[in-house]
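S.K.: here are the coordinates; sequence isn't available:
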């Protein structure tokens, strides 16, 4: 085996699936009985829905030849996992008294609850998981929660040491000792300790810091780009989430600009680049150039951050959206300067696709076992316009495909990430302004010209009634140097457009 252990993150959905399928054993013979009272259980769930760390669990993994599957056995973390599973079974609820308390953070040993929050950190929770979000859980059993709230809970991640050793006794001894008497570390904090000599990790730190020009050692957290942009919450930033995100982007650049499985790639890459090797200067120089350029393009689209651009950019999925968008920008040939000159086109199109994908996702969550045709019908009805016209199939297809990558238990696998990358790239290329070459508007450009217009013909100034019977025309004639772009496009009656001739 390449390493004695690895650091992974499992969603609650994944852990529940493992438990229900007999792949997660929480009752190993060396485990103690359940000892937590209801108050401690309630505090754990409240801590998790606030978006605060709940400590590392330690799992022993072995292959079961009879089942043909990997089995996980809990070494440390039984109290937390049984509490989570008990909550899913409806064994207890979160009372209002817990929700209104100052947040508590569970330590890594499962033995006690410690107060680690200062007053200013409590205020930071309003940026991430606020009082309003937690109130959705008050006095409700699991089955009484809305599907949207259940899905949000299922997406919460639990960090874990996964012990991969044939010597079970040694593995148990080392990792129980390692995890005792410490506050739970995040996966990136552990990587930082284990792989501190890795050239890759050192580059990730430098690039993460470079996102805030002139970064000072004691600079207020809310003025650091990662937090001010909305990509990372004020509460999670001290846990090195910025470095982890940059490490993921760097890893992508090192793998031919191809998205990687989040859980599998980071530790392996840190380990590989911690080993002595020949001169890697050229490799890292190219990776740094690629990552820096993709961030410059991203900043050209969102110069003032994500949350300020639209309410659709928030919550746990935002890093997934931004990662995929960076992956697309690595392959997108337009320069940051070109993107900046058409910034409104890009940001409006991205917001429209994100809004449509969220609508599709809500449709999928509203009805269990929904067929594709039913999802399509419900989606189109949900975004029908004032004249009873529906969105074109092309845009609906992109939105559906994007939403589907968040519909399953595994949302950060290589396939899901590549799909999101390809959708963003499809959108970027479909809306790109053209001043040389094809004069006809693309289907995506035409769709967005309609979406952003007042539905009035740009030539005769009378309403365009039929969404399915109109043409897109150039405001500044193409023959006079006008771009084929959303900004230079306008809605026109078919007859008006033809009367204008070849302009």
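M.R.: Perfect, I can see it now. Since the structure is predicted, the reported quantities are computational estimates derived from the model, not experimental observations.
S.K.: only C-alpha atoms for contact and neighbour calcs from this point on.
M.R.: OK.
S.K.: what about residue 75, which SS state?
M.R.: strand (DSSP: H, G, I helix; E, B strand; the rest coil).
S.K.: er, residue 282 actually
M.R.: At residue 282 the chain is in helix, as set by three-state DSSP.
S.K.: tell me the spacing between it and residue 289.
M.R.: Plainly put, residue 282 is 11 Å away from residue 289 if you go by C-alpha to C-alpha, to the nearest Å.
S.K.: same check on residue 61?
M.R.: Taking C-alpha to C-alpha, one finds residue 61 at 39 Å from residue 289.
S.K.: have a look at the two and say which one is more surrounded.
M.R.: residue 61 (20 against 11; other C-alpha atoms under 10 Å).
S.K.: ok, and for stretch 283-301, which residues are buried?
M.R.: If you call a residue buried by 16 or more other C-alpha atoms under 10 Å, then stretch 283-301 has these buried ones: 284, 287-288, 290-301.
S.K.: so which residues of the protein form strands?
M.R.: Using DSSP state E, the strands assigned to the chain run over residues 5-11, 24-25, 57-64, 69-76, 105-106, 113-114, 157-163, 471-474, 489-492.
S.K.: of those, which is nearest residue 201?
M.R.: With respect to residue 201, and counting by C-alpha to C-alpha, the nearest of the strands of the chain is strand 5-11 at 15.0 Å.
S.K.: pull up the pairing partners for that closest one, direction included.
M.R.: strand 157-163 (antiparallel) (DSSP bridges).
S.K.: OK, contacts around the residue lying closest to residue 95 once chain neighbours are set aside?
M.R.: Spatial nearest neighbour of residue 95, excluding adjacent residues (C-alpha to C-alpha, 6 or more residues apart in numbering): residue 139 at 5.2 Å. Listed by C-alpha atoms under 8 Å, 6 or more residues apart in numbering, the contact set of residue 139 reads 93-96.
S.K.: change it to 6 Å
M.R.: 93-95 (C-alpha atoms under 6 Å, 6 or more residues apart in numbering).
S.K.: could those be laid out in JSON lines, adding distance to residue 256, neighbour count and pLDDT?
M.R.: Shown next, in JSON lines, are these (distance: C-alpha to C-alpha, whole Å; neighbours: other C-alpha atoms under 10 Å; pLDDT from 0 to 100):
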{"residue": "93", "distance to residue 256": "48", "neighbour count": "18", "pLDDT": "88"}
{"residue": "94", "distance to residue 256": "47", "neighbour count": "23", "pLDDT": "85"}
{"residue": "95", "distance to residue 256": "50", "neighbour count": "16", "pLDDT": "86"}
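S.K.: now, which of those residues sits nearest residue 209?
M.R.: Closest to residue 209, out of all of the contacts of residue 139 and judged by C-alpha to C-alpha, is residue 94, at 38.8 Å.
S.K.: who does the closest one form a beta bridge with?
M.R.: The partner residues for residue 94, given DSSP bridges, come to residue 138.
S.K.: enumerate every residue touching it.
M.R.: Taking C-alpha under 6 Å, 6+ apart, one finds 42, 138-139 in contact with residue 94.
S.K.: make it 7 Å
M.R.: Each residue near residue 94 by C-alpha atoms under 7 Å, 6 or more residues apart in numbering is listed here: 42, 137-139.
S.K.: show me the shaky parts of the stretch 201-350 of the chain.
M.R.: For the stretch 201-350 of the chain, the stretches with pLDDT under 70 are 263, 276-277.
S.K.: show me where it has helices.
M.R.: Along the stretch 201-350 of the chain, counting by DSSP state H, counting those that start in this stretch, helices occupy 225-228, 241-254, 262-272, 281-301, 318-331, 336-341, 343-366.
S.K.: what's the most buried one of those helices?
M.R.: Using mean count of other C-alpha atoms under 10 Å, the stretch among those with the largest mean neighbour count is helix 241-254, at a mean of 23.
S.K.: outline the domain layout of the chain.
M.R.: The chain breaks down by automatic domain parsing into domains covering 1-185, 289-431, 443-500.
S.K.: want to throw these into a markdown table with distance to residue 265?
M.R.: A markdown table is the format used below for the domains of the chain (distance: least, C-alpha to C-alpha, whole Å):
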| stretch | distance to residue 265 |
| --- | --- |
| domain 1-185 | 10 |
| domain 289-431 | 10 |
| domain 443-500 | 34 |
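S.K.: looking at those domains, which is nearest to residue 219?
M.R.: Using C-alpha to C-alpha, the nearest of those to residue 219 is domain 1-185, at 14.9 Å.
S.K.: among the contacts of residue 94, the buried ones, what's the ChimeraX command?
M.R.: Buried subset of the contacts of residue 94, written as a ChimeraX selection, criterion 16+ other C-alpha under 10 Å:
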select :42,137,138
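S.K.: could you single out the nearest of the contacts of residue 94 to residue 67?
M.R.: So of the contacts of residue 94, ranked by how close each gets to residue 67 (C-alpha to C-alpha), first place is residue 42, at 35.3 Å.
S.K.: any idea how far the closest one lies from residue 135?
M.R.: 14 Å.
S.K.: try residue 68
M.R.: 43 Å.
S.K.: so which of the two has more stuff around it?
M.R.: residue 135 (15 against 8).
S.K.: if I look at that one, how far off is residue 141?
M.R.: 13 Å.
S.K.: residue 445 now?
M.R.: Distance from residue 445 to residue 141, by C-alpha to C-alpha: 47 Å.
S.K.: likewise residue 195?
M.R.: Taking C-alpha to C-alpha, one finds residue 195 at 42 Å from residue 141.
S.K.: ok, the closest residue to residue 449 other than its chain neighbours - contacts?
M.R.: Leaving out its chain neighbours, the residue that sits closest to residue 449 by C-alpha to C-alpha, 6+ apart is residue 486, at 5.6 Å. Contact partners of residue 486, counting by C-alpha under 7 Å, 6+ apart, are 345, 445, 448-449.
S.K.: any idea of the pLDDT on residue 486?
M.R.: pLDDT for residue 486: 81.
S.K.: ok so, going back, with mean pLDDT added, can I get the strands of the chain in a markdown table?
M.R.: Putting the strands of the chain into a markdown table (pLDDT from 0 to 100) gives the following:
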| stretch | mean pLDDT |
| --- | --- |
| strand 5-11 | 84 |
| strand 24-25 | 90 |
| strand 57-64 | 85 |
| strand 69-76 | 85 |
| strand 105-106 | 38 |
| strand 113-114 | 33 |
| strand 157-163 | 87 |
| strand 471-474 | 88 |
| strand 489-492 | 89 |
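S.K.: any chance of a markdown table for these, columns distance to residue 481?
M.R.: Putting those into a markdown table (distance: least, C-alpha to C-alpha, whole Å) gives the following:
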| stretch | distance to residue 481 |
| --- | --- |
| strand 5-11 | 53 |
| strand 24-25 | 65 |
| strand 57-64 | 62 |
| strand 69-76 | 62 |
| strand 105-106 | 61 |
| strand 113-114 | 67 |
| strand 157-163 | 52 |
| strand 471-474 | 10 |
| strand 489-492 | 13 |
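S.K.: do you know which of those lies nearest residue 220?
M.R.: Nearest of the strands of the chain to residue 220, taken as C-alpha to C-alpha: strand 105-106 at 22.8 Å.
S.K.: include distance to residue 310 and pLDDT when you put the contacts of residue 94 into JSON lines, please.
M.R.: As requested, the contacts of residue 94 are exported to JSON lines (distance: C-alpha to C-alpha, whole Å; pLDDT from 0 to 100):
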{"residue": "42", "distance to residue 310": "34", "pLDDT": "88"}
{"residue": "137", "distance to residue 310": "26", "pLDDT": "83"}
{"residue": "138", "distance to residue 310": "28", "pLDDT": "84"}
{"residue": "139", "distance to residue 310": "32", "pLDDT": "86"}
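S.K.: quick one: which of the contacts of residue 94 is nearest to residue 321?
M.R.: residue 137 (26.3 Å).
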